[in-house]
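[1] Sequence plus predicted model, see below.
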Amino acid sequence: MRVFLIRHGRTAWNAKGLFQGTKDIPLDETGLFQAEAMAKKAEQIPFDAVWSSPLLRALETARALAIKKDLEVRVHEGLREIEHGEWEGLDTRTVNSRWPGLLDLWHERPDEVVMPGGESLENVRVRVLEAMDVVFDKGGESVAVVSHDAVIKVLLCSWLGLPLGAFWRFDIANGSITGVEKNEAGFHLFLLGDLSWSENPYERERQTSL
């Protein structure tokens with residue numbers, strides 16, 4: 001099975017550098033454009049199913065893709081973004097002010113950090129792998145999974161045999177497509193953070209939050 005992990009398009013909170021977590025923020029105008037452009041580029045991929053996080057920004061992105069394939073979006077709660085707890089709605093400056101040193105630790109050793117009122121990467125790993133077991137059980141040769149930055153990074157660490165501390169080694173931009181093949185030998189990464197639908201595919205926005 002080939003799994004295409006797709007990060008949702010941009011939101012107003014992404015643009016402002018605010019931590020979103022499980023806050024249900026819709027796509028902004030740029031995000032809607034990204035979703036449509038990504039979906040058009042992905043028309044050549046013969047998806048058997050389109051799965052999504054229940055959060056609106058992922059659903060809107062997934063629907064742009066599913067409508068071109070005449071598919072229904074399948075939703076799994078386990079694909080939602082990491083819970084940022086008290087950080088949600090805040091920018092990095094405010095987080096640094098209220099919790100000195102914790103944001104630096106999150107960037108240096110993310111596997112050791114639990115945001116106040118949030119969840120750990122290990123908790124995310126458990127629920128996301130359970131969600132993907134459902135996706136695998138439903139079958140198909142090629143499936144799209146529309147989710148979030150932290151979710152995709154955690155899956156890549158888990159499938160590629162990396163510790164969760166390697167979380168920040170991956171750059172997963174809004175609207176990007178990452179491809180992983182699952183076979184008898186395990187998992188094989190064949191596409192990472194593809195933005196070939198973009199006018200500037202080699203340009204990356206500086207990531208300040210999730």
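    Now that the structure is in, tell me what you want to look at.

[2] residues in contact with the longest strand along the chain?
    Assignment by DSSP state E gives strand 186-194 as the longest strand of the chain. For strand 186-194, contacts defined as Cβ atoms under 8 Å, 6 or more residues apart in numbering pick out 4, 156, 159-160, 170-173, 176-181, 201. Glycine gets a C-beta too; all of them are placed from N, C-alpha and C.

[3] Tell me which strands it pairs with, and in which orientation.
    According to DSSP bridges, strand 186-194 has the following sheet partners: strand 177-183 (antiparallel).

[4] confidence score at S198?
    pLDDT for S198: 84.

[5] shaky segments in this structure?
    Applying pLDDT under 70 to the chain flags residues 200-210.

[6] so where do the strands sit in it?
    2-7, 49-52, 73-75, 142-147, 177-183, 186-194.

[7] what would those look like in a markdown table with mean neighbour count?
    What follows is these, written out as a markdown table (neighbours: other Cβ atoms under 10 Å):
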| stretch | mean neighbour count |
| --- | --- |
| strand 2-7 | 24 |
| strand 49-52 | 24 |
| strand 73-75 | 18 |
| strand 142-147 | 25 |
| strand 177-183 | 17 |
| strand 186-194 | 14 |
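
[8] Now do the contacts for the residue lying closest to E43 once chain neighbours are set aside.
    For E43, ignoring the flanking residues on the chain, the nearest one in space by Cβ to Cβ, 6 or more residues apart in numbering is K68 at 5.5 Å. Contact partners of K68, counting by Cβ under 8 Å, 6+ apart, are 39-40, 42-43.

[9] Could you check how far the longest strand of the chain is from the centre of its chain?
    From the chain centre to the centre of strand 186-194 is a distance of 14 Å (Cα atoms, centre = their mean, to the nearest Å).
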